[in-house]
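> I need the structure of the sequence given here:
(one chain, ligands or ions: 1)
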Amino acid sequence: MVKGLPTRSEVTVEETWNLEDLFSSEKEYQDAISELVQLVDSFHSNFKGKITDSDSAIEALTGYAAVYEKFTPIGAYASLAFSTDQTDNEAQMRSGKFSSIAASLSSKLSFVDSELLELSMDELNEAMNKSEEYAHYLKELIRQKPHQLHPEVEKTLAAYSSSFSAPYGLYNTTKMVDLSFEDFEVNGKKYPLSYVSFEGDWEAETDTEIRRAAFDSFSKQIKNYQHTTAKTYDMKLQIEKTTSDLRGYDNIFDYLLFDQEVDQSLYNRQIDLITSELAPHMRKYAKLLQDVHGLDKMTFADLKIPLDPSYEPKITIEESKKYMNDALAIMGDDYLDMVNRSFDERWIDFAQNTGKSTGAFCSSPYGSHPYILISWSSRMNEVFVLAHELGHAGHFYNAHKKQNVFNSRPSLYFIEAPSTMNEMLMANHLLENSDDPKFKRWVISSIVARTYYHNFVTHLLEAAYQRKVYERVNAGENVNAGILNEIKRGVLEEFWGDAVEITPGAELTWMRQPHYYMGLYPYTYSAGLTISTQVSKRILSEGESAVADWLEVLQAGGTKTPVELAQMAGVDVTTEQPLRDTIAYIGELVDELIKLTEEIEGVATK
Ligand SMILES: [Zn+2]
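Next comes the predicted model:
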């Protein structure tokens, strides 16, 4: 059923995104780089050593914003072109070259923050009073002041920024370029394997023998790279530890959470409460899967199978557009207009091809429209993936309209709220429009097996693992493959208990996730979904007024802290209540699935 993937040059143009909206040709891109370099040079000679009072501060920030606006599309073009085919030599070189240029320009620009922070508090306050536009930027900068280093040190560190991000590049190169998979064989028949086909198809394959064989083969083959991958990761961790120490943070968690504008209590709460309180519900769900599929035992390789494979409709890209329109209509005309443009103007890269980044993401360069990457497998549950990515798009589409280039990006803690909100809206829409118990069960199982599983289980277990890793690093230790495997296995065993056998290969799951190169990102999925679950309930019961609040939250961009953003939408995340309510809700959904299954199939479940 899974064919080998075509190369990038073989896919149809309609299924690709249109990067020409950023730059119409390679020449235009190269010209933009030359212009940027010149702009930075003239900015440097105009302002270096001259930010001496509130007026020159505002003037410098205006020029700085212009530099950033020019910077953004260039960076986006380099990374997006590379993400659709990491085996493409030209794209590889372009992306590498961009990060070198970016490092050298950042170094040249590092004087701005340094000189701003050398102003007296009176002058900084005066600048904030004079300019509403840059007040937020300055406020954030002042917060950073205790961790700011000598200007020459900042300049040097910025010059090394490309080298500091090298581990992530190395991780991707190992995973996407060097690692190739051999076919696997079941009963004399060969099946092709790749990262994309494993995560997109084989993990959910309903033939148990084939599914488990795919898992074994996948695990064996990635295992060949475990030591390189662990070493790469350790390098990243040690850079973070050194930075945290140099900048005078008490510990690495405070350093990593600083930009998120949340404290450790909000971080720890997600991991602790979900690990202990969600686990019983999810074990029940695993047991249901085992019963329905009549499996001898439930293994880690079986967790992604659909509850009802006979009810997994196929869906075309064109059909998905209608689903997006219907489900997201509640967000209003302007939002819907954006959704339709994303299809009509090719903002979305649907194609499946070799070398393409796995998973899905949305990139929203300031000054342009969002771009969405997805590998369309035609499974119906892609409507949730697409709704999710359109949630990111809708977030920045709204934020960019109201905020300047410095103020548009909110804390990571909040980043997955608008995206998961759209998954909830999709589920609500699907549930409202059918009384068919089989369809209803499919929808609820999609929310449990996809939305909540992904955000509250997969990413949360990554977060639990990551916390243990950082505890080691914080204590001055290193990691290697053996240690990472042990931590990962331990976390999986703690969560799944007796309900799921953590088969060999499961401990390598840490190798699959690029999130570890993005700081404390994994836990934010459950944080975002906690907020969106509560707000989507408000939208269901209150309708338009709740939608209006939500749009305001999106438009606030990065000008508020996550606690404030949640508050604007009527959710108080300073208490445990929203998270407890959300976990209880997941429990209700699992019970509903068990009830529906008994009704439909008469399967006796315990
Ligand atoms: Zn997302």
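> Now do the same contact list for the closest residue to Arg538 other than its chain neighbours.
Leaving aside its sequence neighbours, Arg538 sits nearest to Ala546 (CB to CB, 6 or more residues apart in numbering; 4.1 Å). (C-beta placed from N, C-alpha, C; glycine too.) Each residue near Ala546 by CB atoms under 8 Å, 6 or more residues apart in numbering is listed here: 535, 538-539, 569-570.
> Please name the residues that touch the residue nearest to Ser363 when sequence neighbours are not counted.
Spatially, and ignoring its direct neighbours in sequence, Ser363 is nearest to Tyr371 (4.9 Å; CB to CB, 6+ apart). Contacts for Tyr371 (CB under 8 Å, 6+ apart) come out as 17, 19, 76, 80, 347-349, 362-365.
> before we move on, back to that, and of the contacts of Ala546, the nearest to Tyr68?
Nearest to Tyr68 among these is Ala569, at 28.4 Å by CB to CB.
> how many neighbours does that closest one have?
Residues near Ala569, counting by other CB atoms under 10 Å, number 20.
> Hmm, Tyr517 is touching Lys236, no?
Yes. In this structure, Tyr517 is within contact of Lys236 by CB atoms under 8 Å, at 5.9 Å.
> okay, and the common contacts of the two?
Residues touching both Tyr517 and Lys236 by CB under 8 Å, 6+ apart: 167-168.
> Show me where the protein has its strands.
Taking DSSP state E as the test, the strands found in the chain are 184-186, 189-191, 348-349, 361-363, 371-373.
> remind me which residues of this protein are low pLDDT?
1-3, 603-606 (pLDDT under 70).
> residue closest to the middle of it?
Taking CA atoms, centre = their mean, the centroid of the chain lies closest to Phe361, which sits 6.6 Å from it.
> Could you double-check that it sits in contact with Leu373?
Yes. Contact criterion CB under 8 Å: Phe361 and Leu373 qualify, at 5.3 Å.
> Now for the two: what residues contact both?
Common neighbours of Phe361 and Leu373 (CB under 8 Å, 6+ apart) are 83, 389.
> in the stretch 51-200 of the chain, which spans are helices?
Here the stretch 51-200 of the chain has its helices, by DSSP state H, counting those that start in this stretch, at 54-83, 89-109, 111-118, 121-130, 132-144, 151-159, 161-164, 166-172, 195-200.
> so which of those helices is the most packed in?
helix 195-200 (a mean of 21; mean count of other CB atoms under 10 Å).
> Can you show me the CA trace of it as PDB?
C-alpha atoms of helix 195-200 as PDB (Å, rounded to 0.1, in the frame of the first residue of the first chain):
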ATOM      1  CA  TYR A 195      10.800   8.500   7.800                       C
ATOM      2  CA  VAL A 196       7.700  10.000   6.100                       C
ATOM      3  CA  SER A 197       6.100   6.700   5.200                       C
ATOM      4  CA  PHE A 198       6.800   5.200   8.700                       C
ATOM      5  CA  GLU A 199       5.300   8.200  10.600                       C
ATOM      6  CA  GLY A 200       2.600   8.900   8.000                       C
END
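> quick one: contacts of it?
Against helix 195-200 from outside (CB under 8 Å, 6+ apart): 2, 5, 175-176, 179, 181, 214, 218, 352, 356, 358-359, 375, 377, 512.
> Of the residues you listed, which pair is most distant in space?
Most distant of the contacts of helix 195-200, by CB to CB, are Leu179 and Ser377, 20.7 Å apart.
> Much appreciated, bye for now.
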